[in-house]
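Peer 1: Let me see the structure of the following:
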Amino acid sequence: MSARAFESAAGRVAAALGASRIRTLAGHLTRGRDGDYILDTLHAPEAVDPVRELLEAAGRAGMDGRETAAYLRGFVAGWTSGRGEVDVRTVWSGPSTNAAPTRSTAQVLVEVVNAATAELIIMSYSARAYRPLTEALRAAHARGVRVDAVLETKVGSGGLLSGPEPARAFESAPGVRLWHWPGEERPSPGARQHAKIAVADGRLLFLGSANLTESGARRNIEAGLLVRGGAAPQRVADHVHELQRRGVLRRFTVADLA
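Peer 2: Residues are numbered from 1 along each chain as shown. Below is the predicted model:
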């Protein structure tokens, strides 16, 4: 159990820090630096909790600093080598044809969630509870994946969104951390949080036009791309992390919207 917890924690650290800072972390561990020194040196507020979890998990697994560093170096070597291979596939909602092989939006969304082992980032303008996606998010939470959902709010939409708050789509999915783009951070009242993405562990990216609704996943004609490997998935994740770090995106709860 402790070894599995360590592996899961290592994945979360890799997603938060990226390859270069993982190597820096490994160097500090090899030199016997303590946790406080490491966190001060990394200058990565978004990685504080993942690094602490990693160090605690390593201790429970009976691993010293050198063993932990060796594991991290091997982990990041395998993590980055696979990213040199890029696979891009088209994704569609709506009517199908025989003109070209495609994947359905509904299928791909669930696939991305199921692929996450450490971190999942979701962004959408509108969202409604969609059972297959909710079940996949519950399973992700159960295996220790950190899930961040960046959503528009009814206030932020300037009255263009009808029905319940998009955040309510995640009420039955435990552990989802909700984020929004507050009005004071927007360049003008008409600016909207309109991105629609899903990123798993900085290695698998779904980018498309579909909102996180059953209409977007199944009924509308929507188009997107599923990108596996390469630099794009991690760069998208890094951009979201930086927006969070700067306070451009902020945490909220459904109760905050009442």
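Peer 1: could you say what helices and strands the lengthiest helix in the chain packs with?
Peer 2: Secondary structure of the chain per DSSP state H: the longest helix is helix 2-30. Helix 2-30 sits against helix 35-42, helix 48-60, helix 65-81, strand 119-124, helix 232-246, with contacts defined as 3 or more Cβ pairs under 8 Å, 6 or more residues apart in numbering; DSSP states H and E. No exception for glycine: its C-beta is placed from N, CA and C like everyone else's.
Peer 1: Could you check the angle the shortest one makes with helix 48-60?
Peer 2: Read that as strand 119-124. When axes from the mean of the first three to the mean of the last three Cα atoms, to 10 degrees is applied, the directions of strand 119-124 and helix 48-60 differ by 160 degrees.
Peer 1: Could you name the helices and strands sitting against strand 119-124?
Peer 2: Here strand 119-124 touches helix 2-30, strand 146-151, strand 197-200, helix 232-246, going by 3+ Cβ pairs under 8 Å, 6+ apart.
Peer 1: Of all those, which one is nearest residue 189?
Peer 2: Residue 189 sits nearest to strand 146-151 of all these, at 18.4 Å, using Cβ to Cβ.
Peer 1: quick one: contacts of that closest one?
Peer 2: Residues outside strand 146-151 that contact it (Cβ atoms under 8 Å, 6 or more residues apart in numbering) are 12, 15, 50, 116, 118-125, 127, 137, 140-141, 166-167, 170, 173, 175-181, 193, 195, 240, 244, 249.
Peer 1: Make sure residue 144 is actually in contact with residue 8.
Peer 2: Yes - Residue 144 is within contact range of residue 8, at 4.6 Å (criterion: Cβ atoms under 8 Å).
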